[in-house]
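Visitor: got a sequence here, can you build the structure:
(one chain, ligands or ions: 1)
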Amino acid sequence: MQWIEIDGSKGEGGGQILRSGLSLSMLTGKAVRFTHIRAGRSKPGIMRQHLTAILAAQQICAAQVSGATLNSTELTFIPGQIKSGDYQFDLGGAGSCALVLQTLLPALWSANGESRVRLSGGTHNPMAPSTSFLQQVWLPLMDRMGAKSTLLVHRCGFYPAGGGEVEITVYPVKQWQTLHLLQRGKLIEIGAQSLIADVPDSVARRELNIVKQQLKVEESKLSSVDVSSARCAGNALLVKLQFEHLTELFCTIGTKGKAAAKVAQEACDEAQAYLTSTAAVGEYLADQLLLPMAIAGEGSFTTSEITDHLSTNALVICQFLNCRIDIQSVDQRIEVTIQKQ
Ligand SMILES: Nc1ncnc2c1ncn2[C@@H]1O[C@H](COP(=O)(O)OP(=O)(O)OP(=O)(O)O)[C@@H](O)[C@H]1O
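Guide: Residues are numbered from 1 along each chain as shown. Presented below is the predicted three-dimensional model:
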């Protein structure tokens with residue numbers, strides 16, 4: 001058997017190397033051996049969120065797996081056939097539902113039939129895409145690439161208790177479409193939403209007022225949403241920028257002891273930095289577009305910087321797929337081009 005060897009200490013050295021490797025192993029049927037998993041993190045090895053992704057991937061493609069335990073730094077994964085169907089997975093805390101879903105979706109899009117996945121965990125986490133980001137930014141772009149799905153968030157889940165409930169219906173891809181996102185086009189609208197769970201509405205108001213002043217947002221485009229059925233108190237501020245060719249969303253998380261003004265300032269700073277650049281795609285979206293574009297066989301986008309996540313993900317993808325990913329600086333922005341070889 002031919003093995004793909006992935007050294008998890010390379011480049012960014014985090015969980016994305018493992019997740020992208022799993023997605024591609026399921027999709028291509030190639031066996032993979034991971035070593036030095038998350039060696040770049042202060043607590044290396046497989047954490048709860050990664051373990052859920054591994055076990056979910058194993059179930060979906062009947063894989064033979066060894067090393068799938070918490071803190072393990074090595075894993076082997078021999079994929080079998082992808083099966084569409086109904087699945088349910090639990091992150092057992094506030095681990096990111098979005099990251100687990102992103103791991104599984106490429107395989108489910110390539111399955112023969114429709115699938116439904118229910119997942120419990122965190123919906124709005126720091127350092128991960130929120131389910132709002134998936135719903136409003138990433139999945140609509142996947143849709144344009146021919147990969148359709150419907151994501152419902154039945155309950156929000158915040159750190160530390162989690163308990164968010166999401167459900168996604170995934171439809172098989174008939175034909176991948178090429179997507180080119182070189183320009184963002186004209187700004188159509190800026191809006192902001194503050195999600196609050198057992199947090200006073202005055203916190204949401206303070207956040208929204210800062211966004212209103214700094215980003216010049218109309219009052220009618222601001223809203224606070226009470227999501228109090230969440231298992232623990234929580235707050236997420238979402239700033240949405242809708243352009244002619246795509247939507248970007250910046251999400252910052254409010255935690256106990258963090259001032260509402262700071263939560264709002266972080267979101268405004270991220271949005272401002274993006275608005276000031278001429279790139280179409282923000283830094284987080286950039287690394288999350290690479291894999292689907294490589295699966296589609298072709299694609300391109302502009303972004304503002306070459307993050308470690310972007311360059312490391314490109315290396316992992318090229319270990320599995322016969323493609324070429326060019327990342328180069330052109331006119332004060334970064335142009336990323338993906339082509340089949
Ligand atoms: N605010 C954000 N909005 C959207 N996506 C985000 C945001 N913050 C981080 N991400 C995305 O989350 C992913 C994080 O990957 P990373 O490998 O760091 O995560 P992880 O598995 O939780 O790992 P680790 O604990 O190893 O850091 C990246 O794809 C990144 O683009």
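Visitor: is the residue in the stretch 101-250 of the chain positioned nearest to the ligand part of a helix or strand, or is it coil?
Guide: With Cβ to the nearest ligand atom, the shortest gap between the stretch 101-250 of the chain and the ligand falls at P129, namely 3.6 Å. All C-beta spots, glycine's among them, are computed from the backbone N, C-alpha and C. Following DSSP: H, G, I helix; E, B strand; the rest coil, we place P129 in the coil state.
Visitor: without its sequence neighbours, what residue ends up closest to it?
Guide: A98 (4.4 Å; Cβ to Cβ, 6 or more residues apart in numbering).
Visitor: that neighbour reaches S130, doesn't it?
Guide: Yes. A98 lies in contact with S130 (Cβ atoms under 8 Å); the separation is 6.4 Å.
Visitor: overlap in contacts of those two?
Guide: Counting by Cβ atoms under 8 Å, 6 or more residues apart in numbering, the shared contacts of A98 and S130 are T123.
Visitor: can you list the residues of the stretch 151-300 of the chain near the ligand?
Guide: 251, 284, 287-288 (Cβ under 6 Å from any ligand atom).
Visitor: among these, give me the pair with the biggest separation.
Guide: C251 and D287 (15.9 Å; Cβ to Cβ).
Visitor: neighbour count for those two, which is higher?
Guide: Shown here are C251 and D287; by other Cβ atoms under 10 Å, C251 has more neighbours (26 against 22).
Visitor: can you tell me the element that one falls in?
Guide: Assigned by DSSP states H and E, C251 belongs to strand 247-254.
Visitor: how about that strand as PDB, C-alpha atoms only?
Guide: Taking C-alpha atoms only, strand 247-254 is exported to PDB below (Å, rounded to 0.1, in the frame of the first residue of the first chain):
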ATOM      1  CA  THR A 247     -19.700  38.400   1.700                       C
ATOM      2  CA  GLU A 248     -17.200  38.600   4.500                       C
ATOM      3  CA  LEU A 249     -18.000  38.200   8.200                       C
ATOM      4  CA  PHE A 250     -15.800  39.100  11.200                       C
ATOM      5  CA  CYS A 251     -16.800  37.400  14.400                       C
ATOM      6  CA  THR A 252     -15.400  38.300  17.800                       C
ATOM      7  CA  ILE A 253     -16.200  36.500  21.000                       C
ATOM      8  CA  GLY A 254     -17.300  38.100  24.300                       C
END
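Visitor: which ones are touching the residue of the stretch 101-250 of the chain closest to the ligand?
Guide: Counted by Cβ under 8 Å, 6+ apart, P129 has contacts 96, 98-99, 102, 138, 284, 288.
Visitor: do V117 as well
Guide: Counting by Cβ under 8 Å, 6+ apart, the residues that V117 touches are 56, 86-89, 101, 104, 108, 167-168, 170.
Visitor: before we move on, what about L182?
Guide: 280, 300-302, 335.
Visitor: mind doing that once more with 7 Å?
Guide: 280, 300-302 (Cβ atoms under 7 Å, 6 or more residues apart in numbering).
Visitor: show me which positions of stretch 317-325 end up buried.
Guide: Buried residues in stretch 317-325, counted by 16 or more other Cβ atoms under 10 Å: 317, 320-321, 323, 325.
Visitor: in the stretch 151-300 of the chain, which spans are strands?
Guide: For the stretch 151-300 of the chain, the strands defined by DSSP state E, counting those that start in this stretch occupy 164-170, 179-181, 187-197, 222-226, 234-243, 247-254, 298-303.
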